[in-house]
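1. From the sequence below, what's the structure:
(one chain, ligands or ions: 2)
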Amino acid sequence: MEEINNIEVVPCTESDYLKPFRVHYNQNGTKKSWDFMRTHDSVSVLIFNTTSHCFVLVKQFRPAVYMCEWERTKTQLPQSAEKTEEGAAEAAAPESQEGQSASEGESSSQWPPASAGVTYELCAGLVDKPNLSLEEIARQEVLEECGYDVPASKLKRITSYRSGVGVTGAKQTMFYAEVSDDNCVSAGGGEPREGELIEVVKVPLHEAMTFAYDERIPKTMGVIFSFIWFHNNMSPKYKISTNV
Ligand SMILES: Nc1nc(=O)c2ncn([C@@H]3O[C@H](COP(=O)(O)OP(=O)(O)O[C@H]4O[C@H](CO)[C@@H](O)[C@H](O)[C@H]4O)[C@@H](O)[C@H]3O)c2[nH]1
Ligand SMILES: [Mg+2]
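-> Numbers count the residues shown, from 1 in each chain. Ligands and ions are numbered 1, 2, ... in the order given. Below is the predicted model of the structure:
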């Protein structure tokens, strides 16, 4: 399992991945403003392995999720424990805890275990290569993250939608890819050069709906939606009976 330590939180003043802005505008004569972030659009892929009748998902440590969990556990502390020396438990707290470990099995009263930041997701990637089609970007992600080599033409577009409408407004396009064990050319795991550390996990078709609605399993909306899409559109083909 993951070992996360030496956690330090600092302000983000410039980034290749997100840029914060404030827009001022008039709506029906009322002056308004809104804070938002520019980010990349993205693609995601529901992968179904027809040999094993399993969905292929990825599992990875997400710092943003981990920090939300940290925030949540912090606010659950008793009133007295919440007060830091500075008298504020805001952004100062993480830095003051630098060096502490959040590795599995270690009892840390300050940091949640690393597993609190690990989520199940569809294979997905940023649209950051302007010369490539969405299908081609999706194909590359399937290969890099999950180890299946499938032609871009085999990717079926499910739909697209806005993710994070309050903050980013970014568009995500979702694809469906049917793969077989014959298409498996590597273990996947992401691009180590880009610092990606991805675990490929399989969810058997007959467990998919239970998995989707199990709130104890941290996951993205994409996983839930795409499993339901499969249930509604592909079930007859694979003759499944699920308990939802
Ligand atoms: N965000 C970020 N911050 C950094 O500081 C940061 N530093 C390095 N990186 C690198 O950016 C690349 C991002 O990887 P992907 O292209 O595979 O995109 P995902 O992170 O998988 O995100 C997708 O999937 C998510 C789950 O469905 C959706 O929410 C997103 O909309 C969707 O794009 C990796 O090489 C990572 O090492 C950062 N990336
Ligand atoms: Mg990814």
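
2. What parts of this structure come near ligand 2?
-> Applying Cβ under 5 Å from the ion, we find that the chain lies next to ligand 2 at 124-125. C-beta: built from backbone N, CA, C; applies to glycine.

3. For the host helix or strand of Met67, C-alpha coordinates in PDB please.
-> Assessed by DSSP states H and E, Met67 sits inside helix 63-75. C-alpha atoms of helix 63-75 as PDB (Å, rounded to 0.1, in the frame of the first residue of the first chain):
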ATOM      1  CA  PRO A  63      -3.600  14.400  -3.000                       C
ATOM      2  CA  ALA A  64      -6.700  16.600  -3.400                       C
ATOM      3  CA  VAL A  65      -9.000  13.800  -1.900                       C
ATOM      4  CA  TYR A  66      -6.500  13.200   0.800                       C
ATOM      5  CA  MET A  67      -6.400  16.800   1.800                       C
ATOM      6  CA  CYS A  68     -10.300  16.900   1.900                       C
ATOM      7  CA  GLU A  69     -10.200  13.900   4.300                       C
ATOM      8  CA  TRP A  70      -7.600  15.600   6.400                       C
ATOM      9  CA  GLU A  71      -9.800  18.700   6.600                       C
ATOM     10  CA  ARG A  72     -12.800  16.500   7.600                       C
ATOM     11  CA  THR A  73     -11.000  14.600  10.300                       C
ATOM     12  CA  LYS A  74      -9.600  17.800  11.600                       C
ATOM     13  CA  THR A  75     -13.000  19.400  12.100                       C
END
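
4. Any idea which helix or strand in the chain has the lowest mean pLDDT?
-> Least confident helix or strand of the chain, by mean pLDDT, DSSP states H and E, is helix 92-96 with a mean of 41.

5. could you point out where this protein is predicted with low confidence?
-> Within the chain, the stretches with pLDDT under 70 are 1, 77-109, 239-244.
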